[in-house]
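Trainee: structure, please.
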Amino acid sequence: MSRSKIKANLRAADRRRRRRPAEKPNTDQAATPPQARRDLDSVDVAGLIVEAILSANQKRTPLRDSVVFGTLRSLARQSVPEQAAAKQLYDQVQAFLAKRDVGLPATVAAAKELSGIAQGHMGSDSPDGFVQYLAFISG
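Mentor: Down below sits the predicted model:
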């Protein structure tokens, strides 16, 4: 192909590109402003759960690891705990997350993550070792 023929083909392709209508934005992405989308994506749900647990810990007698673990397990399973103290903490955490519009999948994932961490930090020597660990990492 000659050089002039290649240039002519490129000019024709440029004209076709200019005539194309601009791409339409995705409707579901366009509904939410970009800053709000980034804010929703960057929410640390595990951190919110820890914050809710620690705020409940300050309001009443110190929480035991078994209560916190039962609450986390119930959040991961989306079931209400049977133990009264765990149920009370569960309700407080759910209310805390509801105020911040945290979705169910994010709550379940964060609760599973924290449950795994809790199993590694629970011990018979300290009944509130995991709660102290949460206070340490958040402070």
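
Trainee: end to end on stretch 125-134, go ahead and measure it.
Mentor: Chord length of stretch 125-134, first to last residue, is 17 Å (CA to CA, to the nearest Å).

Trainee: revised request: answer the last question for stretch 76-92.
Mentor: 15 Å.

Trainee: what about this structure, any weak spots by pLDDT?
Mentor: 1, 22-42, 60, 124 (pLDDT under 70).

Trainee: for the chain, what spans make up the helices?
Mentor: 3-19, 27-31, 34-41, 45-59, 65-77, 84-99, 104-121, 129-138 (DSSP state H).

Trainee: any chance of JSON lines for those helices, columns mean neighbour count?
Mentor: (Each C-beta comes from the backbone N, C-alpha and C, glycine too.) Compiled in JSON lines, those are given as follows (neighbours: other CB atoms under 10 Å):
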{"stretch": "helix 3-19", "mean neighbour count": "9"}
{"stretch": "helix 27-31", "mean neighbour count": "9"}
{"stretch": "helix 34-41", "mean neighbour count": "10"}
{"stretch": "helix 45-59", "mean neighbour count": "17"}
{"stretch": "helix 65-77", "mean neighbour count": "22"}
{"stretch": "helix 84-99", "mean neighbour count": "17"}
{"stretch": "helix 104-121", "mean neighbour count": "16"}
{"stretch": "helix 129-138", "mean neighbour count": "16"}
